[in-house]
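Asker: Whatever this is, show me its structure:
(one chain, ligands or ions: 1)
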Amino acid sequence: MNIKKLTSPLRGELNVPGDKSISHRAIMLGAISMGTTSVTNFLQGADCLSTISCFRKMGISIETEQEEILVKGKGLHGLSRPDTVLDVGNSGTTTRLLAGILAGQKFDSDLTGDESIQSRPMKRIIRPLAQMGAGITSVRGNGCAPLHIEGRSLKGIHYDSPVASAQVKSCVLLAGLYADDITSVTEPYLSRNHSEIMLDYFGATLTAEDTTVTIYPDPILEGQKVSVPGDISSAAYFIGAALLIPGSEILIRNVGVNPTRNGILRVCEKMGADITLMNVSAEEGEPTADILVRHSRLHGITIDGSIIPSLIDEIPVIAVLAAFAQGETVIRDAQELKVKESNRIDVVVSNLKAMGADVTATDDGMIIRGGQPLTGTLIDTKRDHRIAMAFAVAGLAAKGETQLLNGECVTISYPGFYQDLAALSR
Ligand code: S3P
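Answerer: Numbering: from 1, shown residues only. Okay, here's the model as predicted:
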């Protein structure tokens with residue numbers, strides 16, 4: 001995929017696809033609830049389709065032909081033993097959340113995915129699940145997938161998670177549905193709380209205080225209507241592009257702005273961005289808004305601490321913004337970037353350097369001295385969708401032409417990304 005420097009502003013309105021995290025959870029909770037769950041604005045990206053395919057292999061009928069996805073749930077104990085390995089593709093969310101559900105089943109299962117998934121850390125879920133009494137092993141003994149899971153009865157535990165990870169938290173909470181007693185998780189900082197919101201919406205009993213969530217076992221979950229808000233992680237690339245390209249003004253409609261996800265908005269405002277939220281509303285517990293973005297002159301800031309989990313997936317595009325901003329941006333406490341679909345500290349830093357930016361990798365983030373002129377070059381995306389989209393934004397603002405190696409990997413979370421970008425630049 002080739003991206004040329006944009007010489008005219010971005011103008012117009014768009015709807016970004018449905019939120020990836022919420023789409024996964026709607027399928028999972030729909031499958032283990034009684035009755036039908038209907039999901040509108042479901043993200044038809046490869047990751048969420050992997051979740052659908054795993055639940056189909058466990059006997060759940062999921063109709064995807066119409067705009068509204070219909071999940072015919074069979075209740076907490078209604079899944080059946082899959083005949084084959086469950087293939088999660090590239091999806092960390094599918095792997096970790098599904099493992100929590102599988103741990104409490106009456107059958108054994110095997111779960112694996114692509115090369116990237118097979119190198120991502122799974123000890124972070126193996127540890128708490130084992131404490132609950134689960135039979136979960138990394139088949140190659142390296143702490144990664146493939147995972148073999150022996151279904152067992154589980155004990156309720158309290159888990160002090162060393163990482164602020166919604167995938168770890170959600171895995172333990174989902175296993176907690178199958179436990180003999182209450183289960184709670186405390187994390188160092190609050191990570192995205194979509195599981196908590198949706199579990200409550202489907203009828204589970206849980207409480208949340210500060211960074212601790214407690215769930216009661218064996219609820220009766222009932223199928224619901226879920227309308228998935230637009231994904232702020234996908235909106236982030238358009239926010240970034242509009243901020244960088246002179247004269248731009250765009251409106252992104254119906255974006256999820258849950259406070260555990262909206263760190264990108266807070267950071268952009270601190271960098272001097274002209275962003276206005278309109279039509280803020282909160283259905284099903286998930287706040288949404290239309291986001292108006294105008295081209296702005298940005299300056300560098302420090303990004304660290306509790307805001308990090310709320311923008312962890314947006315750091316690649318934030319780093320691109322920082323490279324075009326005046327002054328220094330320091331990103332700290334973001335060591336989790338190393339274990340995403342690629343090592344996003346190394347990949348962002350090496351690609352920004354290749355474009356001419358003044359940037360240094362640190363152990364838990366990076367330091368970007370903004371304002372150097374950037375020039376298009378060959379960008380190795382490492383088949384990481386967020387790297388591809390972040391550097392597409394860089395390419396729009398850099399001199400010359402940027403080539404994205406394996407740029408088609410955007411299909412993981414945003415199949416129509418390049419078309420949507422082209423539509424705004426016409
Ligand atoms: C996600 C949680 C985050 C995020 C990922 C989706 C989720 O991962 O990076 O894209 O849906 O729970 P971690 O929980 O590992 O931080």
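
Asker: drop to CA atoms for contacts and neighbour counts, all remaining ones
Answerer: Noted.

Asker: Around the ligand, pick out the residues from the protein.
Answerer: Neighbours of the ligand within the chain, by C-alpha under 6 Å from any ligand atom: 21, 93, 165, 166, 167, 313.

Asker: Which one of these is nearest to residue 120?
Answerer: For the residues of the chain next to the ligand, the residue nearest residue 120 by C-alpha to C-alpha is residue 93; the value is 11.5 Å.

Asker: bridging residues for the nearest residue to residue 176 once chain neighbours are set aside?
Answerer: Counting by C-alpha to C-alpha, 6 or more residues apart in numbering, residue 176 lies nearest to residue 183, which is 5.4 Å off, once chain neighbours are set aside. Taking DSSP bridges as the rule, residue 183 bridges to residue 215.

Asker: Test my guess that residue 183 contacts residue 154.
Answerer: No. Applying C-alpha atoms under 8 Å, one finds residue 183 not in contact with residue 154, separated by 10.2 Å.

Asker: can you list the domains in this structure?
Answerer: Annotated domains of the chain cover 2-17+229-424, 20-227 [automatic domain parsing].

Asker: what's the span of the last one, first residue to last?
Answerer: If I follow you right, that is domain 20-227. End-to-end distance of domain 20-227: 12 Å, with C-alpha to C-alpha, to the nearest Å as the criterion.

Asker: which ones are touching residue 401?
Answerer: For residue 401, the contacting residues are 2, 3, 4, 5, 375, 376, 377, 395, by C-alpha atoms under 8 Å, 6 or more residues apart in numbering.

Asker: so how far is the ligand from the first one?
Answerer: From residue 2 over to the ligand the distance is 25 Å, taken as C-alpha to the nearest ligand atom, to the nearest Å.

Asker: Once you drop chain neighbours, what's closest to that residue?
Answerer: According to C-alpha to C-alpha, 6+ apart, the nearest residue to residue 2 is residue 403 (4.5 Å).

Asker: What's the mean pLDDT across whichever strand or helix holds that neighbour?
Answerer: In this structure, residue 403 sits in strand 401-405 according to DSSP states H and E. Over the span of strand 401-405, the pLDDT mean works out to 98.

Asker: Counting by contacts, list what the following helix or strand past that strand packs against.
Answerer: Next along the chain after strand 401-405, taking DSSP H and E as the criterion, comes helix 417-424. Contact partners of helix 417-424 among helices and strands, from 3 or more C-alpha pairs under 8 Å, 6 or more residues apart in numbering; DSSP states H and E: strand 11-15.

Asker: what's next to the helix or strand following the strand it packs on, contact-wise?
Answerer: Counting by DSSP H and E, the next helix or strand C-terminal to strand 11-15 is helix 20-31. Here helix 20-31 makes contact (C-alpha under 8 Å, 6+ apart) with 36-37, 39, 42-43, 47-48, 51-52, 55, 60, 71-75, 79, 93-94, 98, 194-195, 198-199, 202, 222-224, 226, 228, 231, 413.

Asker: any idea how far residue 364 is from residue 303?
Answerer: In terms of C-alpha to C-alpha, residue 303 sits 11 Å off from residue 364.
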